[in-house]
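A.B. asks: Fold the following.
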Amino acid sequence: MGIDLNTIWFILITVLFTGFFFLEGFDYGVGSLIPIIGKTDDEKRIILNTIGPHWDGNEVWMITAGGALFAAFPHVYATMFSGFYLALFCILVALIVRAVGIDYRSKRASATWRKTWDIAIAIVSILAAVLWGVAVGNLVTGVPIDENMQYAGSFFTLLTPFTLLTGVMFGLLFLYHGAVFLQLKVGEENLLDKINRLAPKLGVSMIVVTVIWVIFAFLTTGLFDKSINFFLCGLTAVTMILSVFLGIKKKFGWSFLMIGLAIAFATFAVFISLFPNIMISTLDPSYSLTIYNASSSAYTLRLMTIIAFTLVPVVLAYQAWSFYIYRKRVTKETIHY
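C.D. replies: Residues are numbered from 1 along each chain as shown. Okay, here's the model as predicted:
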């Protein structure tokens with residue numbers, strides 16, 4: 001018995017969000033760390049240059065995931081973007097401010113001008129990370145959806161102890177992810193020493209909050225209704241611990257790989273817990289949006305499958321090539337303004 005197109009698109013959207021959290025995660029982390037680690041203008045510019053060639057390309061994964069959700073499961077897109085409207089609007093504003101800040105920061109030599117943009121980039125980067133965590137927390141717990149597939153709550157309905165804890169976990173995860181990326185990319189010894197001292201502290205904080213979150217999820221959500229998620233959460237914990245340990249040993253490449261795997265395992269666990277639902281209704285399980293009652297027509301799914309499996313490999317190849325081209329460490333001598 002083969003896999004139907006609805007399931008294939010659920011898997012593809014899972015992969016797209018996994019790629020987004022992995023790639024955009026270190027962007028958010030690096031942006032948040034600029035005023036914390038960078039003390040001189042050269043140090044801050046080095047930090048920004050590490051993500052300079054990648055940050056806008058990484059955001060494409062979010063756009064692609066949103067587009068795929070709209071095309072494959074339009075009812076989910078409509079319910080999610082109406083119910084989460086204010087939260088998603090805040091994320092959009094944060095991304096706009098970050099993009100403007102990265103571009104405009106060096107337009108003037110004024111120290112006040114640059115410091116203001118540094119702080120703005122840091123604030124909106126951590127804000128976006130936390131809001132994505134809140135959104136994922138709501139997917140895990142479910143939201144009030146009525147029989148007409150309409151969101152029946154308010155903005156404050158989305159803010160619960162569990163979803164806020166998920167936001168904090170995402171914030172720490174991406175901060176640590178960004179610090180590990182900087183360990184790979186920064187070539188100035190003094191700056192790298194500061195990052196090496198900070199990264200283990202962020203890593204330990206991330207692990208502690210993640211453990212609390214897993215206990216909370218086990219007690220209050222259906223995350224562990226599928227037994228495979230015990231295995232995936234175990235892998236997430238192991239790879240997080242290995243990442244911190246390998247970072248302390250200055251095996252930065254392996255440390256980055258481990259935290260990347262942790263993000264992937266955690267994302268897989270969330271989506272597996274949802275399947276075949278995409279958005280769970282807390283009003284009545286029968287009102288939940290699934291890969292079947294919220295999907296596009298079979299013809300649309302077939303057409304998009306052909307397009308996706310033709311173009312996605314091209315995008316992956318291009319992104320891999322860009323990371324290969326800009327693989328060297330950033331130093332004062334290689335700064336671009």
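
A.B. asks: any low-confidence regions in the chain?
C.D. replies: Scanning the chain for pLDDT under 70 picks out 1-2, 336-337.

A.B. asks: in it, which spans are strands?
C.D. replies: 277-279, 289-290 (DSSP state E).

A.B. asks: Can you check which of those strands gets nearest to A266?
C.D. replies: strand 277-279 (17.7 Å; C-beta to C-beta). Where C-beta positions appear, they are placed from N, C-alpha and C, glycine not excepted.

A.B. asks: Starting from the closest one, tell me which strands it pairs with and how they run.
C.D. replies: According to DSSP bridges, strand 277-279 forms sheet pairs with strand 289-290 (antiparallel).

A.B. asks: mind checking how far the partner strand is from the chain centre?
C.D. replies: 23 Å (C-alpha atoms, centre = their mean, to the nearest Å).

A.B. asks: Could you do stretch 300-317 as well?
C.D. replies: Worked out by C-alpha atoms, centre = their mean, stretch 300-317 lies 22 Å from the chain centre.

A.B. asks: picking up where we left off before, buried deepest among the strands of the chain, which one?
C.D. replies: strand 277-279 (a mean of 23; mean count of other C-beta atoms under 10 Å).

A.B. asks: got a list of contacts for that strand?
C.D. replies: Applying C-beta atoms under 8 Å, 6 or more residues apart in numbering, the contact partners of strand 277-279 are 10, 73, 76, 79-80, 139, 142-143, 145, 288-291, 294.

A.B. asks: Could you tell me which of those residues belong to helices?
C.D. replies: F10, V76, T79, M80, L139 (DSSP state H).

A.B. asks: who's in contact with W254?
C.D. replies: Here W254 is in contact with L242, L246 (C-beta under 8 Å, 6+ apart).

A.B. asks: The one 10 residues further on now?
C.D. replies: With contact taken as C-beta under 8 Å, 6+ apart, A264 is in contact with T18, F22.

A.B. asks: distance of it from D4?
C.D. replies: 24 Å (C-beta to C-beta, to the nearest Å).

A.B. asks: And the helices in the protein, which stretches?
C.D. replies: 5-37, 41-51, 55-72, 74-83, 85-104, 111-141, 161-185, 189-220, 228-248, 252-274, 298-325.

A.B. asks: What residues of the shortest one count as buried?
C.D. replies: Along helix 74-83, these residues count as buried under the neighbour rule (16 or more other C-beta atoms under 10 Å): H75, V76, Y77, A78, T79, M80, G83.

A.B. asks: Over to the first one?
C.D. replies: Using 16+ other C-beta under 10 Å as the test for burial, helix 5-37 gives 5-6, 8-10, 12-35, 37.

A.B. asks: Determine the set of other helices and strands touching it.
C.D. replies: Here helix 5-37 touches helix 41-51, helix 55-72, helix 111-141, helix 161-185, helix 189-220, helix 252-274, helix 298-325, going by 3 or more C-beta pairs under 8 Å, 6 or more residues apart in numbering; DSSP states H and E.

A.B. asks: Next, the angle from that helix to helix 252-274.
C.D. replies: 140 degrees (axes from the mean of the first three to the mean of the last three C-alpha atoms, to 10 degrees).

A.B. asks: picking that back up, please convert the ones in helices among the contacts of strand 277-279 to JSON lines, extending it with distance to L246.
C.D. replies: Formatted as JSON lines, these follow (distance: C-beta to C-beta, whole Å):
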{"residue": "F10", "distance to L246": "33"}
{"residue": "V76", "distance to L246": "38"}
{"residue": "T79", "distance to L246": "41"}
{"residue": "M80", "distance to L246": "37"}
{"residue": "L139", "distance to L246": "31"}
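
A.B. asks: These: which two are farthest apart?
C.D. replies: Of all pairs in these, the most separated under C-beta to C-beta is F10 and T79 at 16.0 Å.

A.B. asks: Mean neighbour count, the helices and strands packed on helix 5-37: which tops it?
C.D. replies: helix 161-185 (a mean of 24).

A.B. asks: which one of the ones in helices among the contacts of strand 277-279 sits closest to A129?
C.D. replies: L139 (16.1 Å).

A.B. asks: can you tell me how far V312 sits from L16?
C.D. replies: 9 Å.

A.B. asks: and if you look at S286?
C.D. replies: Note on S286: its distance to L16, by C-beta to C-beta, is 28 Å.

A.B. asks: ok, now L131?
C.D. replies: Distance from L131 to L16, by C-beta to C-beta: 18 Å.

A.B. asks: Now A78: closest residue in space, sequence neighbours ignored.
C.D. replies: In this structure, A78 finds its nearest non-sequential neighbour in M149, 7.4 Å apart by C-beta to C-beta, 6 or more residues apart in numbering.

A.B. asks: I figured the one you found hits A294, correct?
C.D. replies: Yes. In this structure M149 lies within contact range of A294 using C-beta atoms under 8 Å: 7.3 Å.

A.B. asks: From the neighbour counts alone, determine which of those two ranks first.
C.D. replies: Each of M149 and A294 has its neighbours counted (other C-beta atoms under 10 Å); A294 has more, 22 against 18.

A.B. asks: which residues touch the closest residue to that one other than its chain neighbours?
C.D. replies: Of all residues not flanking A294 in the chain, H75 sits nearest, at 3.7 Å (C-beta to C-beta, 6+ apart). Contacts for H75 (C-beta under 8 Å, 6+ apart) come out as M149, L289, N293, A294, S295.
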